[in-house]
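In: What shape does this take:
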Amino acid sequence: ETSYKLTTSFGPIELPADQVIAMFSLGQFKARQLIVTQDGQVVGGTLEKPTLDLQLSSGQMTKIPVSQISRMGYHKRPDEPEEWTFDKPFVQLRSGDRMFVKMPAEPIAFATRYGTLSVDPKAIAAINFQPDGGSVHELTLTDGSTVAGLLGGDSLQLTRDSGGQAMKLEPSQLLTWKFKTIDDRIDDSHPQLETTCGDKFFSVISGKLTLDTVFGLLHIA
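Out: Residues are numbered from 1 along each chain as shown. Model prediction:
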């Protein structure tokens, strides 16, 4: 095979064969194929071609129906990495897909109990779409701050890093959207604010803090 053409829930995708290391079929009826690439991406869908062309050691070509294949793998290539490094933004879908995506150019709207935050993508480490099995999302910043809320909009417009293909995904399809790693210079010795609902902010309070006590208002600089 020279390439693998898939029909996915977010549009058609073609993967060059020299980037593919394995394929798995999931499901007994109307099986779905997961294509694994050498950089660790996993793309799932239905193969456009119903067979895989296989060349036997005798040189004979034979066609194997995809419906009869449970898994397929290539020999290790000289340029194949020993371990996958996820040092670029990627999304992990509930369906098992994992794809590198381009960093968004515009700020991301994240609705919280404190109001809607407009967050620079460069300041985001990850968005977890189902933390601890809950229905809210969790935003983690590169400084380690975490806040619960909901990602704005009914759908996300993302672009695959390889090929530049546009994808339209619903938040309900996603498990994780990873942007960057957390800054390891930030630790618990830095100023932080933790709320009773579990949100944590590594920040400094600006201005004055006013406390309403039983003996009157206290203004703390």
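In: any weak-confidence spans in the chain?
Out: By pLDDT under 70, the low-scoring segments of the chain are 133, 184-188, 221.
In: Dead centre of the protein: give me the residue that sits there.
Out: In the chain, the centroid-proximal residue (Cα atoms, centre = their mean) is residue 91; its distance is 1.5 Å.
In: What strand or helix carries it?
Out: strand 90-93 (DSSP states H and E).
In: Go through the helix or strand just after that strand and flag the buried ones.
Out: The first helix or strand that comes after strand 90-93 along the chain, using DSSP H and E, is strand 98-100. Neighbour-count burial for strand 98-100 flags 98-100 (criterion: 16 or more other Cβ atoms under 10 Å). Where C-beta positions appear, they are placed from N, C-alpha and C, glycine not excepted.
In: Need those residues in TSV (columns: distance to residue 76).
Out: What follows is the buried residues of strand 98-100, written out as TSV (distance: Cβ to Cβ, whole Å):
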residue	distance to residue 76
98	20
99	23
100	21
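In: what about residue 10, neighbour count?
Out: 19 (other Cβ atoms under 10 Å).
In: What's the local residue count around residue 22?
Out: Quick note: residue 22 (other Cβ under 10 Å) scores 14 neighbours.
In: doesn't residue 73 make contact with it?
Out: Yes - here residue 22 lies in contact with residue 73, judged by Cβ atoms under 8 Å, at a distance of 4.3 Å.
In: and for stretch 209-218, what are the contacting residues?
Out: Residues from elsewhere that reach stretch 209-218 (Cβ atoms under 8 Å, 6 or more residues apart in numbering): 219-220.
In: Endpoints of that stretch, how far apart?
Out: Distance between the two ends of stretch 209-218: 8 Å, counting by Cα to Cα, to the nearest Å.
In: before we move on, what about stretch 74-83?
Out: Using Cα to Cα, first and last residues of stretch 74-83 are 16 Å apart.
In: Next: stretch 75-84.
Out: End-to-end distance for stretch 75-84: 17 Å, by Cα to Cα.
In: Residue 34 sits in which helix or strand?
Out: strand 32-37.
In: Which strands border that strand, and is each parallel or antiparallel?
Out: Sheet partners assigned to strand 32-37 using DSSP bridges are listed as strand 20-26 (antiparallel), strand 42-47 (antiparallel).
In: any idea how far that strand is from the chain center?
Out: Relative to its parent chain, strand 32-37 has a centroid offset of 16 Å by Cα atoms, centre = their mean, to the nearest Å.
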